[in-house]
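Peer 1: Sequence below, structure please.
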Amino acid sequence: MAGDDDCRCCCSFIFTSGLTALFMWLSLRTYKPTCSIERFYVPFLNTTDNSSAARNNHTLYFDLKLNNGMKDKGVNYADINLTFFYTQNTSRIPVANYTVPGFHQGHEKKAHRKQLVGASGLPWAAALDAVSNGSTVSFRVDLATRVKYKILFWYTKRESLVVGGDVAVDDSGGKVKKKGIKLKSGAPDPATVGPVFVFSLTMILLL
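Peer 2: Model prediction:
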């Protein structure tokens, strides 16, 4: 009957539209890159090196890893602002800043940004005493930038990427944790393009 045919056609249209919307959503969905501190070294806190050069070395070295795990989308970073803190009791003392110039990262690519930066305001003697006595001291690394994603031939709008992590340092002057320390955000990481939006767009195009 004509009514049954119309019903089947309508159901088929809705089903096909839903699959198309789901495919588009999966294709356009984006994920923020993963940021981690792979290496962290404070020469002054290396108790095996008692040279005058080490005792006067007020710098810190870091290796920042940026990982774009998306298979078909690039990431464009604005300048990446890094702030380093020394944690003393419950307070954080800012000791260094560094800005990584913005750049484009291809899909499924990893990038390392390594730098030696000067540090100031850190209670050097107290920190050295702590690690010399078998304790660890804690640093905080905060990262802030804005990213946009390249999907096919166009870019999304920029969105904030703000993450941070704590780094424990021992008497070697290096971080205690051997693996990279992932910088995390307290905010949820929603997809840039939502399924409701894609489904609505698909329906409009098909009408």
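
Peer 1: mind checking the SS state of the residue nearest the centre of the chain?
Peer 2: By C-alpha atoms, centre = their mean, the chain has its centre lying nearest to residue 35, at 3.2 Å. Look at residue 35: counting by DSSP: H, G, I helix; E, B strand; the rest coil, its state is strand.

Peer 1: Could you do residue 139 as well?
Peer 2: Per three-state DSSP, the secondary structure class of residue 139 is strand.

Peer 1: Can you pull out the low-pLDDT segments for the chain?
Peer 2: Confidence mapping of the chain against pLDDT under 70 gives the ranges 1-28, 186-207.

Peer 1: What segments of it are strands?
Peer 2: Using DSSP state E, the strands of the chain run over 34-46, 59-68, 73-77, 80-88, 91-100, 103-105, 109-118, 137-151, 154-155, 159-169, 172-174, 181-182.

Peer 1: Make TSV out of the ones you listed and add distance to residue 126.
Peer 2: Placement of C-beta: from N, CA and C, glycine included. Formatted as TSV, the strands of the chain follow (distance: least, C-beta to C-beta, whole Å):
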stretch	distance to residue 126
strand 34-46	11
strand 59-68	16
strand 73-77	36
strand 80-88	8
strand 91-100	11
strand 103-105	38
strand 109-118	19
strand 137-151	9
strand 154-155	48
strand 159-169	13
strand 172-174	15
strand 181-182	23
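
Peer 1: Residue 48: what's it in contact with?
Peer 2: 171-172 (C-beta atoms under 8 Å, 6 or more residues apart in numbering).

Peer 1: May I have the phi/psi pair for it?
Peer 2: Main-chain dihedrals, residue 48, degrees, to the nearest 10: phi -80, psi -10.

Peer 1: thinking again about what came up before, residue 50 versus the residue nearest to the residue nearest to the centre of the chain when sequence neighbours are not counted, what's the distance?
Peer 2: The shortest distance from residue 35 to any non-neighbouring residue, by C-beta to C-beta, 6 or more residues apart in numbering, is to residue 183 (4.4 Å). Computed with C-beta to C-beta, to the nearest Å, the distance linking residue 183 and residue 50 is 33 Å.

Peer 1: just to revisit the earlier point, cross-check the contact I'm expecting between the residue nearest to residue 35 and residue 38.
Peer 2: No. Look at residue 183 against residue 38 with C-beta atoms under 8 Å: they stay out of range, at 11.2 Å.

Peer 1: Which one's more surrounded, those two?
Peer 2: Remark: of residue 183 and residue 38, residue 183 carries more neighbours, 22 against 14, as counted by other C-beta atoms under 10 Å.
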